[in-house]
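Colleague: No sequence on hand, only this structure:
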Ligand code: HEC
């Protein structure tokens with residue numbers, strides 16, 4: 001164990017780094033997507049058709065389409081969206097006021113690596129769709 005940690009220490013300056021830091025992966029992201037209830041709003045396949053979708057004031061993103069990623073479609077941008085959650089501003093003209101409403105919770109209890117894994121999984125759903133492919 002000590003020896004393993006020693007190798008990781010060395011890795012900070014060299015080639016061992018990838019084996020010592022947890023790396024985001026699509027497989028981990030798939031598990032986290034299930035475990036964190038994303039499917040209740042976005043649906044099992046990410047089509048924006050989960051059981052809770054109908055009751056929301058704003059439809060959950062359908063991950064097949066790039067246009068749905070208003071806050072950015074890259075791995076880093078999706079990870080940031082997950083960290084911050086999504087609030088929308090509701091105008092209430094009668095009361096001459098607006099209020100912010102959280103339509104998607106924030107997932108700031110997850111690690112950055114976990115959020116990036118989920119982001120990679122979300123991106124993988126898009127890449128498998130016919131429309132909205134990301135150009136490399
Ligand atoms: C309570 C329902 C709900 C849950 C749970 C939920 N979302 Fe969302 N999500 C939404 C709604 C609603 C939107 C669209 C908000 C808008 O732009 O109006 C959205 C939008 C998004 C977007 C697009 C953001 C953008 O760029 O505009 C991504 C990506 C996303 N969700 C990922 C996830 C992931 C991954 C999870 C699980 C970790 C998750 N969501 C859990 C409701 C939810």
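Modeller: Cool, the structure landed. Predicted model only: the values in this text are computed from it and were never measured. Numbering: from 1, shown residues only.
Colleague: next one: the helix or strand encompassing residue 123 to chain centre, how far?
Modeller: Following DSSP states H and E, one finds residue 123 within helix 112-127. With CA atoms, centre = their mean, to the nearest Å as the basis, helix 112-127 stands 6 Å off its chain's centre.
Colleague: helices and strands around it, which ones?
Modeller: Contacts defined by 3 or more CB pairs under 8 Å, 6 or more residues apart in numbering; DSSP states H and E place helix 112-127 against helix 26-35, helix 75-84. To be clear about C-beta, it is placed using only N, CA and C from the backbone, and glycine gets the same treatment.
Colleague: hmm, the last one touching the ligand?
Modeller: Yes - contact of helix 75-84 with the ligand (CB under 6 Å from any ligand atom) involves 78, 81, 82.
Colleague: List buried residues within those residues.
Modeller: Among the residues of helix 75-84 next to the ligand, those classed as buried by 16 or more other CB atoms under 10 Å are 78, 81, 82.
Colleague: Distance of the second one relative to residue 70?
Modeller: Note on residue 81: its distance to residue 70, by CB to CB, to the nearest Å, is 9 Å.
Colleague: quick check: angle from the helix holding residue 123 to helix 75-84?
Modeller: 120 degrees (axes from the mean of the first three to the mean of the last three CA atoms, to 10 degrees).
Colleague: tell me which residues of helix 112-127 are tucked away?
Modeller: 114, 115, 116, 117, 118, 119, 120, 121, 122, 123, 125, 126.
Colleague: Let's have those residues in TSV, adding distance to the ligand and pLDDT.
Modeller: Formatted as TSV, the buried residues of helix 112-127 follow (distance: CB to the nearest ligand atom, whole Å; pLDDT from 0 to 100):
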residue	distance to the ligand	pLDDT
114	9	98
115	8	98
116	11	98
117	10	98
118	5	98
119	7	98
120	11	96
121	8	97
122	5	97
123	9	95
125	10	93
126	10	85
